[in-house]
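**Student:** Take a look and give me a structure for this.
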Amino acid sequence: MKITAKVAGIAAAGAALVLMTPAAGHADTQARQYLVNHHSNQCLQVTDGQNGTPAIQGYCEIGTKAQWKIERVSGNDFRIVNVLSGKCLEIADSRKDNGAPAQQWTCVNGVDTQLWRFDVMNDITPVINKNSGKFLEIDNSSVRPGARAQQWAEAVTAPGQQWRAPEVPAGRQVR
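**Tutor:** Numbering: from 1, shown residues only. The predicted structure follows:
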């Protein structure tokens, strides 16, 4: 059994942002999503399964490195778990400064640097780290594949801070 909470107003390529929380023992049935930077139209991804691997942007492709499971932890707090590694997106070393890199690490309950909030506005959403209160962004709003993901204070004019989270089509959900 899974619990689905639809977040109104998010639409990307005809798909709504669906935040799903699986019941115990049913994580395999949870929806997979891309985190697409609205400015570059590229997906947030990791290149391997190691702790400390930086999160970067790249082309959305078949495979699991750009696929994520967004898990409700409580209230408005979510974990963003990479399908390739099973590890959580976090800000390195629980840093709170602008420019601190986003990376993956083994998921640990109760660690605020691994918790995120989505503030829905029309078809895009900022992704905000609970520990720092800063926004996930692509460095300098780059459109270059491989540009790193980091956190930065809210900048209304920074297009690299805007995201959408379409569900991964069934045909692309390879293991």
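**Student:** contacts and neighbour counts: CA atoms only from here.
**Tutor:** Noted.
**Student:** Where does the prediction get shaky in this structure?
**Tutor:** 1-29, 121-122, 174-175 (pLDDT under 70).
**Student:** need the helices for it, in chain order.
**Tutor:** Applying DSSP state H to the chain gives no helices.
**Student:** Show me where it has its strands.
**Tutor:** Per DSSP state E, the chain carries strands over the ranges 2-12, 15-22, 36-37, 43-45, 56-58, 68-74, 77-82, 88-91, 102-105, 116-118, 127-129, 135-138, 149-152, 163-164.
**Student:** tally of neighbours for Glu90?
**Tutor:** For Glu90, the tally of surrounding residues (other Cα atoms under 10 Å) stands at 33.
**Student:** residue contacts, it?
**Tutor:** Neighbouring residues of Glu90 by Cα atoms under 8 Å, 6 or more residues apart in numbering: 102-105, 113-115, 129.
**Student:** Report the beta-bridge partners for it.
**Tutor:** Beta-bridge pairing of Glu90 under DSSP bridges involves Gln103.
**Student:** Tell me how far it lies from Ile70.
**Tutor:** Counting by Cα to Cα, to the nearest Å, the separation of Glu90 from Ile70 is 13 Å.
**Student:** And Ile80, by the same measure?
**Tutor:** Distance, Ile80 to Ile70, by Cα to Cα: 5 Å.
**Student:** and what of Asn98?
**Tutor:** Here the criterion is Cα to Cα. By it, Asn98 lies 24 Å from Ile70.
**Student:** Comparing these two, which residue is more hemmed in?
**Tutor:** Neighbour count, other Cα under 10 Å: between Asn98 and Ile70, Ile70 has more, with 24 against 14.
**Student:** That one is in contact with Arg79, isn't it?
**Tutor:** Yes - Ile70 sits in contact with Arg79 when judged by Cα atoms under 8 Å, with a separation of 5.8 Å.
**Student:** what's near enough to touch the closest residue to Lys134 other than its chain neighbours?
**Tutor:** Closest residue in space to Lys134, ignoring its immediate chain neighbours: Ala153 at 4.9 Å, by Cα to Cα, 6 or more residues apart in numbering. Ala153 is in contact with 98, 133-135, counting by Cα under 8 Å, 6+ apart.
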